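Asker: I need the structure of the sequence given here:
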Amino acid sequence: MDEKEIRKRKKDELIQKLFNEMGSNEVRIRDIYKKYSFEFSLSPYDVENILGITKTERLRWTKDEKLKVAGYNSFRKYGKTIEYPKYDSFQIYHISKKQLEKWREEHKNEVNKKRKQAINKAKTTRKRNVNIQKQFYEKEWKKILVEWYKVDSKLGVTMELAYWTMWVSRWAKESQLKSLSARTKKKEYDENKANFYQMKNEAIKRLIQSSFSTLSFYKPRNADKTTYIQFCDVHFSLWGIEREFEYVSKWDFYAWHKKEIQKCDSCMVKVVKDYYSLFYVSIQHEELKDYHFSFHIPYPIGQVFLPDKANLPNVVHEEQEGLFRFGRPLVGDEKVIFTIKNTVKHFQAALTKFDLYF
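Answerer: Residues are numbered from 1 along each chain as shown. Predicted coordinates for the structure are as follows:
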């Protein structure tokens, strides 16, 4: 028997001796418990064993203030101070099985009530979503199509494919953002992202065939990406000297001494040219001033299936605002109207229709 167990037994024996001397004087016993509530308090483990309850029940009833907390103790773990409750023993010993069953029944009824509320809310939401989708596809979408096709049938198929490519691009961005914070569905989001970007690229291959599309090239000031740096002995020593005063990464040192290092035959630097450059596809028509679609494709991806950048005009990058702004996820009711299922279905239909004309 260890020292801690001996102390606990002595404490229990002393308490029992005290209560034996007081006899059955309930008032005196209650006063003692009240005056020394923390000294007589019970640990979470003891409460669960005495009452025959689970940890989940203890935590729930502690939160609901059904179990009285006399105070808190703490311990250190992994460099953190963790607090845990100590329970009022007088209350714990006077909680009957009937009371526990009543609390369990109350919780069960509350769960059923919330479940019914959730079901009713889901039905209301589903009905609302159906109405929103019906309003768009039966009225607004048809009106948009008429507006496009009455100008020119080839313009219509171009605008239609561009429109659904925009929503495909939105879902690609949405999947990318979800993947960054995902814990259980990261693989699914990554697959969705890859599929949507592949769909976008397939659409871009076709859209550049239309006379209503223009393709240009955007090259930022720092378009190249340095992927590998290895300094020679001399530059490594110079880097070490600069680090004596403050932290300097090798990337910063390279940026500060770029010209000298690039001229050095002993230093090794690998650079991907135009890594941050973009192909820019713009689709618009003078009679449809409210519609302007634009898509950007990273140069390393687009160079595989798009024309040589040397044959393309350069463009200054200006990000659009509003519905047709590129590079954002879906917001609000867009997820209701342009579900993945609806987006893929209309995108495939627009792709097939485009192929009939071009």
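Asker: sketch out the low-pLDDT regions of the stretch 201-350 of the chain for me.
Answerer: 317-327 (pLDDT under 70).
Asker: would you agree K353 is in contact with T158?
Answerer: No: using Cβ atoms under 8 Å, K353 is not in contact with T158, being 10.1 Å away. All C-beta atoms are positioned from the backbone trio N, CA, C, and that covers glycine.
Asker: neighbour count winner among these two?
Answerer: Comparing K353 with T158 by other Cβ atoms under 10 Å, the one with more neighbours is T158, at 26 against 15.
Asker: going along the chain, name the strands of the stretch 201-350 of the chain.
Answerer: Along the stretch 201-350 of the chain, the segments classed as strands by DSSP state E, counting those that start in this stretch run 213-218, 225-230, 268-272, 278-284, 292-298.
Asker: what residues does the fourth one touch?
Answerer: Taking contacts as Cβ atoms under 8 Å, 6 or more residues apart in numbering, the residues outside strand 278-284 that touch it are 158-159, 162, 204, 207-208, 210, 212-218, 291-299, 302, 306, 309, 312, 315, 317.
Asker: list the buried ones in stretch 66-83?
Answerer: 66-70 (16 or more other Cβ atoms under 10 Å).
Asker: how is the protein partitioned into domains?
Answerer: 154-223+274-357, 225-272 (automatic domain parsing).
Asker: for A349, what are its contacts?
Answerer: With Cβ under 8 Å, 6+ apart, A349 has no contacts at all.
Asker: next one: L356
Answerer: Each residue near L356 by Cβ under 8 Å, 6+ apart is listed here: V157.
Asker: check which helix or strand it maps to.
Answerer: Using DSSP states H and E, the element containing L356 is helix 340-357.
Asker: if I look at the residue nearest the centre of the chain, how far off is K335?
Answerer: When Cα atoms, centre = their mean is applied to the chain, the residue found nearest the centroid is S181 (3.6 Å). Distance, S181 to K335, by Cβ to Cβ, to the nearest Å: 17 Å.
Asker: so Y228 sits right up against C267, yeah?
Answerer: No: between Y228 and C267 there is no contact under Cβ under 8 Å: 10.8 Å.
Asker: okay, the two: which has more neighbours?
Answerer: C267 (19 against 9).
Asker: and that one, its phi and psi?
Answerer: phi -80, psi 150 (degrees, to the nearest 10).
Asker: contact partners for it?
Answerer: Residues near C267 by Cβ under 8 Å, 6+ apart: 229-232, 235, 261.
Asker: neighbours of K289, how many?
Answerer: 8.
Asker: and for the one 4 residues further on?
Answerer: When neighbours are defined as other Cβ under 10 Å, F293 has 22 of them.
Asker: next up, the contacts around it.
Answerer: Neighbour list for F293: 159, 162-163, 165-166, 282-284, 324 [criterion: Cβ under 8 Å, 6+ apart].
Asker: now the residues you listed in a markdown table, with distance to H94 and neighbour count?
Answerer: Below are the contacts of F293 laid out as a markdown table (distance: Cβ to Cβ, whole Å; neighbours: other Cβ atoms under 10 Å):
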| residue | distance to H94 | neighbour count |
| --- | --- | --- |
| M159 | 76 | 25 |
| A162 | 73 | 28 |
| Y163 | 70 | 21 |
| T165 | 70 | 26 |
| M166 | 67 | 22 |
| S282 | 78 | 16 |
| I283 | 77 | 25 |
| Q284 | 78 | 18 |
| F324 | 69 | 16 |
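Asker: quick check, nearest of those residues to V151?
Answerer: Nearest to V151 among the contacts of F293: M159, at 9.0 Å, using Cβ to Cβ.
Asker: hmm, that closest one is touching D152, no?
Answerer: No: the pair M159 / D152 is not scored as a contact, 9.6 Å apart, by Cβ under 8 Å.
Asker: quick one on the thing from earlier: quick check: neighbours shared by Y228 and C267?
Answerer: By Cβ under 8 Å, 6+ apart, no residue touches both Y228 and C267.
Asker: how close does T124 get to L180?
Answerer: T124 is 32 Å from L180, by Cβ to Cβ.
Asker: deepest of the domains of the chain, which one?
Answerer: domain 154-223+274-357 (a mean of 16; mean count of other Cβ atoms under 10 Å).
Asker: that one: end-to-end distance?
Answerer: End-to-end distance for domain 154-223+274-357, by Cα to Cα, to the nearest Å: 7 Å.
Asker: check stretch 300-315 too.
Answerer: 18 Å.
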